[in-house]
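Peer 1: build me a model:
(chains A and B, ligands or ions: 2)
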Amino acid sequence: MNQVSPGAAGEMLPPTASEPQHQKKGFSLGDYVERLALVIAWLVVIVVFSILAPDTFFNVRNFTTMFGTQTTLVILALALLIPLTAGDYDISVAATLTMSGMVVAVLNAHHGVPIGAAIAIAIALGALIGFINGFFIIIFEIDAFIVTLGTGTIILGLTLWISASQTVSGVSDWLSSWVVVHRIFGVSYEFYYGLALCILLWYVFDFTAIGRRILFVGRGTNVARLSGIRVGRVRWGCFVAAGIIAAAAGVLYTGTAGASDPTSGQTFLLPAFAAAFLGSTAITPGRFNPWGTFIAVYFLVTGITGLAILGVQTWVQNVFYGGALVVALSLSQIVKKRRERAARL
Amino acid sequence: MDHTVVVRNMSMTFGGQRALDKVSMSIRRGEVHGLVGQNGCGKSTLIKILSGYHHPDPGGELEIDGQPIKLPVRTGSASDLGLSFVHQDLGLLPSLTVVENFRAWTISTKSEWFIRWNKERERTEEAFARFGLGLDPRAIVGDLPAVQRALLAIVRALDDLAQYTKDDDTRGGLLILDEPTVFLPRTDRDRLFDVVRRSVAQGASVLFVSHDLDEALSVTDRITVLRDGRVAGTVVSADTEKDRLVEMIIGRRLEAFEASHRAHTVADAGHVTVDRVRGGSIENVSFTMDEGEVLGLTGLVGSGFEEIPYLLFGAEPAREGRLTIAGHEYDLARMSPSAAIAAGMALIPADRQGAAGVGSLLVRDNVMLQVIDDYRPYRLDRRRYLKAAREALHQYDVRPPEPIMDFQALSGGNQQKVVLAKWLQAAPRVLLVHEPTQGVDVGARLQVFQTITQAAAEGMSVVCASSDYEQLAAICDRVLVFHGGEIMCTLVGDEITKDRITEQCYMSARTLRPDKNMRMQA
Ligand SMILES: Nc1ncnc2c1ncn2[C@@H]1O[C@H](COP(=O)(O)OP(=O)(O)OP(=O)(O)O)[C@@H](O)[C@H]1O
Ligand SMILES: [Mg+2]
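Peer 2: Residues are numbered from 1 along each chain as shown, chains lettered A, B, ... in the order given. Ligands and ions are numbered 1, 2, ... in the order given. This next block holds a predicted model:
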């Protein structure tokens, strides 16, 4: 190859020194602040509530409860993350959660199906829902948002049907013992399930070839296709994965309550989106990422818990989650702009 | 003579890296001013400062028609200042229609309460007629071929400039063209230059960025050369030799590329056989290629030659056709990019931003995509992966050779080098390229030639679709000239010269349909 050396005949410029010097790769302080902004915000929230409610907020029990009861949301947000990375919205995850929780309850409590089998059926159902979503989106090339809005509504309808619109209780204790009763370091098992899933997704997104492929599909469909990635299959697979994980979240949800009601799962949809988008401003800014999402969930939960302890009424929850979503979107937009303009890392 | 635009001491730093270093230049009224330099020397950056996209470092000054302009230039105010742009990436919104794109600036800056789309369409059609562009205003821009998209962006800028100078003939205005001709075949270039000269005659000035130095020397009055972000000098085009210009650009002389047109025994033992492919505007094309042969495909716009690589790769659907590579036969009607890659093909498309690389992802991930499976199965060995990426960037002389930066932060020519590196790393058997040196500077162009001929010497068969006749003459062993979706003639050996190819392109066009292709449309 040619060695292009400016200045070899350079009478108008000083020799090679004029080559632009590139910074050594590394994180500047600004990068760290940006990456950890959410963590810092979370700490600030903790400190503020600890000052406002030193006895009720700042104690071990409150924290173990906060960590130990929000796994459903963590897992749902992580489920959402997968199609989001591939560039698709999946609005049906919350409905999948609701249905899966209800299927476990109905099969186990009403029909006497062993709990293990009931869980397996619920998870398989989640996979099927993802498959059906993918089918319409990929084969008929319909917008994912619309398809999953539709299938989500259908699923909710079916859930009301199988439950006769009633809360179903009497689910085997075995489930709740493995979800909320047993504890490690005072925190229920379910927290660790969320943590494990987060680590798994981190590994997949950051350390495997398939993770890179999903990212390419999400960011540049055409480039991905011309690079030989089977774009349709990757997107389809992402919907199936989201369905499975959302169903698992449903199982945990039923385990947490020991019962299942046919509608409340839907309330997780907005917080899950808020967490995914808020999470995309942290850790790896500008990209949906599991750790950011994980932290975002606990940030949101801390805020809500704090407000509840201060005696603020429950309608504030909606305001808080909705507000967080809008703020998160604005932040991620700012991050994107900044990266595009000043774009070195 | 008065100056339209004067730039003084303009600097621009990207995260510690100087892209422009105290650049000063002035553009006279009624002048076509060239701006040339290597890939990444800062041409587009300077232009983006003028458009208000980049905020320059403090200390720079900008003067337009004698008035100092406050920096950074307010976004959206460019057209009030008489600056109108054709950016390197054209700046069109692919999902919108032609009218919407054409009228985008006016519509988005004037506060109208009710947009009369019929009126807008008429206006658009009228402007197209004025510039001889036959485009359906209702077409979606993303569906147009690259040539037409480029023409749309150019005509839009010209129209904008015409608006600015309409009611006030003391106004000049500046048309800024950042490599506008890379997408354009010869005829349309000449057409464009006519239009440029017409606007200049009416008092406008033009800033013209190009890597085609012959073209730059012939259309400009003066040329400013940038090197590594500094002004290396400004010369008067008429008094400047091309060699001298090359020397100013890269700081040394460039040895001539030794073109060797090797004879191949294609007749029977064809290593690659393409049999009766039909699809798009291609009708029934067959050819064979030998191992290690570089086959050129060319023709005028609309002749269909540039569709061949996409049809073979399955990127565009073929209606029928068979392809044989080393004894394996493939049905082109059922070809897909993933199957093509499995068959040992690689496609380097001309559309860098849309089809070749993802701007918002890292250079590392872009360059490594085709070989990523070597870094499996259980985990990406991230250190090795990064190291390999860095080596690839060095090998293909990408500047800066920094894997951890967004692909879109690379200059246009360097993006092209990354794309070459991405595919050649995967060592394909058959390399399909479309305009491989589009937007690549003189030095790097030579490297690309060497890379391709080197790969061919090692046994890779190369199909190069291009309307750059000089390039075809330099690297091809055989050239097929297309017209109307069919092969009109074949040039081999000593026949492969720039002049012969040009001649054949026009001849084959004329013999068949004299009226087509003479106008600025496909
Ligand atoms: N947004 C950005 N962030 C960081 N660096 C950038 C950005 N845009 C450009 N650069 C760097 O600034 C330098 C100048 O780039 P510029 O695009 O102006 O080059 P150019 O002269 O137009 O080259 P080409 O002929 O290849 O188009 C390059 O080194 C490029 O990598
Ligand atoms: Mg450029």
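
Peer 1: which parts of the stretch 351-500 of chain B are helices?
Peer 2: Under the criterion DSSP state H, counting those that start in this stretch, helices of the stretch 351-500 of chain B are mapped to B:363-368, B:382-395, B:412-424, B:442-457, B:469-475, B:498-512.

Peer 1: which one of those lies nearest to A:Asn133?
Peer 2: Of all the helices of the stretch 351-500 of chain B, it is helix B:363-368 that lies closest to A:Asn133, at 27.4 Å by Cβ to Cβ. C-beta here means a position set from N, CA and C on the backbone, and glycine is covered the same way.

Peer 1: one step back: closest one to chain A among the helices of the stretch 351-500 of chain B?
Peer 2: In terms of Cβ to the nearest Cβ, the element of these nearest to chain A is helix B:442-457, at 5.1 Å.

Peer 1: what is the closest one packed up against?
Peer 2: helix B:242-250, strand B:294-299, helix B:412-424, strand B:430-434, strand B:461-465, helix B:469-475 (3 or more Cβ pairs under 8 Å, 6 or more residues apart in numbering or on different chains; DSSP states H and E).

Peer 1: identify each buried residue in the third one, please.
Peer 2: Within helix B:412-424, the residues that qualify as buried are B:412-424, counting by 16 or more other Cβ atoms under 10 Å in any protein chain shown.

Peer 1: of the residues you listed, which pair is most distant in space?
Peer 2: B:Gly412 and B:Leu424 (19.1 Å).

Peer 1: taking the stretch 51-200 of chain A, what residue is nearest to ligand 2?
Peer 2: The stretch 51-200 of chain A approaches ligand 2 most closely through A:Gly87 (28.0 Å), counting by Cβ to the ion.

Peer 1: distance of B:Ala318 from ligand 2?
Peer 2: Taking Cβ to the ion, to the nearest Å as the measure, B:Ala318 falls 34 Å from ligand 2.

Peer 1: helix/strand/coil for that residue?
Peer 2: For B:Ala318, the assignment made with DSSP: H, G, I helix; E, B strand; the rest coil gives coil.

Peer 1: and it, how many neighbours?
Peer 2: Counted with other Cβ atoms under 10 Å in any protein chain shown, the neighbours of B:Ala318 add up to 24.

Peer 1: my guess is it contacts B:Ala340, does it?
Peer 2: No - using Cβ atoms under 8 Å, B:Ala318 is not in contact with B:Ala340; the gap is 11.4 Å.

Peer 1: just checking, what packs against the helix or strand harbouring B:Thr288?
Peer 2: Per DSSP states H and E, B:Thr288 falls inside strand B:282-289. Helices and strands touching strand B:282-289, by 3+ Cβ pairs under 8 Å, 6+ apart, are strand B:272-279, helix B:308-313, strand B:486-492.

Peer 1: which helices and strands sit right next to the second one?
Peer 2: Right, helix B:308-313. strand B:272-279, strand B:282-289, helix B:337-342, strand B:345-348, strand B:430-434, strand B:461-465.

Peer 1: in three-state terms, label residue 58 for me.
Peer 2: Went with chain A since none was named. A:Phe58 ends up coil, using three-state DSSP.

Peer 1: was after chain B, sorry
Peer 2: Taking three-state DSSP, the label given to B:Pro58 is coil.

Peer 1: how much space is there between it and B:Thr451?
Peer 2: Relative to B:Thr451, B:Pro58 is positioned 42 Å away (criterion: Cβ to Cβ, to the nearest Å).
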